[in-house]
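J.: Make a model of this:
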Amino acid sequence: MVDEKPKNRVTVTIMGEEYTIRGSGSPESLEEAARYVDRLMRSLAEKNRQLSGYKIAVLAALNLADELLKARQEHPRFHDEERDREGEDELV
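T.: Numbering: from 1, shown residues only. Predicted coordinates:
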């Protein structure tokens, strides 16, 4: 049996919508991630008022993926650590 880390559960608000998320990170880190996404989405929505919430979410995901890929290029060790995390859970 795989030893699973306990999952923390927090309720966060992103773009006025409440989400309950679970993850093995601390509640504070889950809330910080949600605040980061909320700020990014609000910034994108402000600059692109005609876009739907869905399209804002896709743009936010693309921006976050770009940040991640740049961080991996700048810090190759980060990429190795990410590979080591493959068995860990994702936010749900």
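J.: so where's this structure uncertain?
T.: The chain contains residues with pLDDT under 70 at 1-4, 78-92.
J.: Which residue would you name as the spatial centre of it?
T.: Ranked by distance to the mean C-alpha position of the chain (Cα atoms, centre = their mean), the top residue is Ala33 at 5.5 Å.
J.: how close does it get to Gly25?
T.: 8 Å (Cβ to Cβ, to the nearest Å). Just so you know, the C-beta spots here come from the backbone N, C-alpha and C atoms, and that holds for glycine as well.
J.: Keeping just the C-alphas, turn the helix or strand containing Leu30 into CSV.
T.: When elements are assigned from DSSP states H and E, Leu30 belongs to helix 27-47. What follows is helix 27-47, C-alpha atoms only, in CSV (Å, rounded to 0.1, in the frame of the first residue of the first chain):
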residue,chain,number,x,y,z
PRO,A,27,-3.7,25.3,3.6
GLU,A,28,-1.7,28.5,3.4
SER,A,29,0.0,27.4,0.2
LEU,A,30,-3.3,26.3,-1.4
GLU,A,31,-4.8,29.7,-0.5
GLU,A,32,-1.7,31.5,-1.9
ALA,A,33,-2.0,29.6,-5.2
ALA,A,34,-5.7,30.5,-5.4
ARG,A,35,-4.9,34.2,-4.7
TYR,A,36,-2.3,34.1,-7.4
VAL,A,37,-4.7,32.6,-10.0
ASP,A,38,-7.4,35.1,-8.9
ARG,A,39,-5.1,38.1,-9.4
LEU,A,40,-3.9,36.8,-12.8
MET,A,41,-7.5,36.1,-14.0
ARG,A,42,-8.7,39.5,-12.8
SER,A,43,-5.8,41.2,-14.6
LEU,A,44,-6.6,39.3,-17.8
ALA,A,45,-10.3,40.1,-17.5
GLU,A,46,-9.6,43.8,-17.0
LYS,A,47,-7.5,43.9,-20.2
